[in-house]
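>>> need a structure here:
(one chain, ligands or ions: 2)
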Amino acid sequence: MTHLSVNLNKIGLLRNSRGRDYPNVIAMAKRTLEKGAFGLTIHPRPDQRHATYQDAFDLKELLKQYPGRELNVEGFPDAKFMETVLEVLPHQCTLVPDDPNQLTSDHGWNLSRDQDALRPVIAKLKDKGIRVALFMDPEPDNMAMAKAVGADRVELYTEAYANAFHTEKQADVNERYQAAARAALDVGLEVNAGHDLDLENVGLLCAEGNITEVSIGHALTVEALEHGWDSVVNAYLEQLA
Ligand SMILES: CC(=O)[C@@H](O)[C@H](O)COP(=O)(O)O
Ligand SMILES: NCC(=O)COP(=O)(O)O
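Ligands and ions are numbered 1, 2, ... in the order given. Just a heads-up that it's a prediction; the model follows:
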């Protein structure tokens, strides 16, 4: 079984587009947890285009009513992000090497370059009891460095997997991700995955049992426009059971 963490960024985007609290992120988060999702993810970016730093506080408060469920806060460890995460104390923090003005996340960490900067950041988060995941490209050779820098988990960046799905490259690319996952597991890391996963492609990625948690937001929100939020969350839970 793979845990489903629903990313609420796009609910925040809709909310922010009218400057009032509709849709309400907490109401959608509660609905999502009531349907049985394991966790919630947000990625507050410096411009707070969708998820806000305040959302992190509000979601942590909500999760106190749901023992065993988790909040995952993703982002680049700049001063405001770290200040927020160290106060909110989410169950998990996924560090992502995004620049402030990126449209979306589109690459994993370059640990050869970034490990010295990341090590104290990871230590500070872990000192507060926060599980730390690193957003990584699916390169088996990089998993030992992720472990050495102190991460508990990696999150495999799955855009390339999603792009290859339903093409002649599907099997080879999936095997590349499974090899990266096995390499991470071999050095004592657990494996998350996310970005561009959807109802069609998530099952194959998780079928071998290497993936502990997937975080899904964009496609889930789009699928919900057609099929309804509750039924889409249910469909993911059935896929991941
Ligand atoms: C890290 C990652 O791939 C996603 O979690 C990210 O949160 C997507 O960000 P946007 O929702 O801003 O595209
Ligand atoms: N870490 C991936 C995530 O949280 C959501 O990514 P996406 O499903 O919005 O592409």
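
>>> for the residue most central in space within the chain, give its distance to ligand 2.
Central residue of the chain (CA atoms, centre = their mean): residue 215, 4.2 Å from the mean position. Look at residue 215 and ligand 2: by CB to the nearest ligand atom, to the nearest Å, they are 3 Å apart. In this view, the C-beta of every residue, glycine as well, is placed from N, C-alpha and C.

>>> now do the contacts for that residue.
5, 6, 7, 39, 41, 72, 74, 94, 155, 192, 193, 194 (CB atoms under 8 Å, 6 or more residues apart in numbering).

>>> write the PyMOL selection for whichever of these are buried.
Remark: buried members of these, expressed as a PyMOL selection using 16 or more other CB atoms under 10 Å:
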select buried, resi 5+6+7+39+41+72+74+94+155+192+193+194
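
>>> restrict the contacts of residue 215 to those near ligand 1?
7, 74, 194 (CB under 6 Å from any ligand atom).

>>> of the residues you listed, just say which sits nearest to ligand 2.
residue 194 (2.6 Å; CB to the nearest ligand atom).

>>> and that closest one, bridged to which residues?
residue 157, residue 215 (DSSP bridges).

>>> pretty sure it contacts residue 155?
Yes. Residue 194 lies in contact with residue 155 (CB atoms under 8 Å); the separation is 5.6 Å.

>>> can you give me the buried ones in stretch 166-184?
For stretch 166-184, a neighbour-count test (16+ other CB under 10 Å) marks 173, 174, 176, 177, 178, 180, 181, 183, 184 as buried.

>>> scratch that, stretch 232-239 is what I was asking about
Neighbour-count burial for stretch 232-239, counted by 16+ other CB under 10 Å, picks out 232, 233, 235, 236, 237, 239.

>>> returning to that earlier point: show me the contacts of residue 215 that map onto strands.
Cross-referencing the contacts of residue 215 against strands under DSSP state E gives 5, 6, 7, 39, 41, 72, 74, 94, 155, 192, 193, 194.

>>> test my guess that the fourth one contacts residue 7.
When you say that, I think you mean residue 39. No. Shown here, residue 39 and residue 7 do not form a contact pair, counting by CB under 8 Å, at 9.8 Å.

>>> ligand 2 contacts on the chain?
Counting by CB under 6 Å from any ligand atom, the residues of the chain near ligand 2 are 7, 41, 74, 155, 194-197, 215-219.

>>> in TSV, list those along with distance to residue 53.
As requested, the residues of the chain next to ligand 2 are exported to TSV (distance: CB to CB, whole Å):
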residue	distance to residue 53
7	16
41	15
74	13
155	21
194	21
195	22
196	25
197	25
215	18
216	22
217	18
218	21
219	25
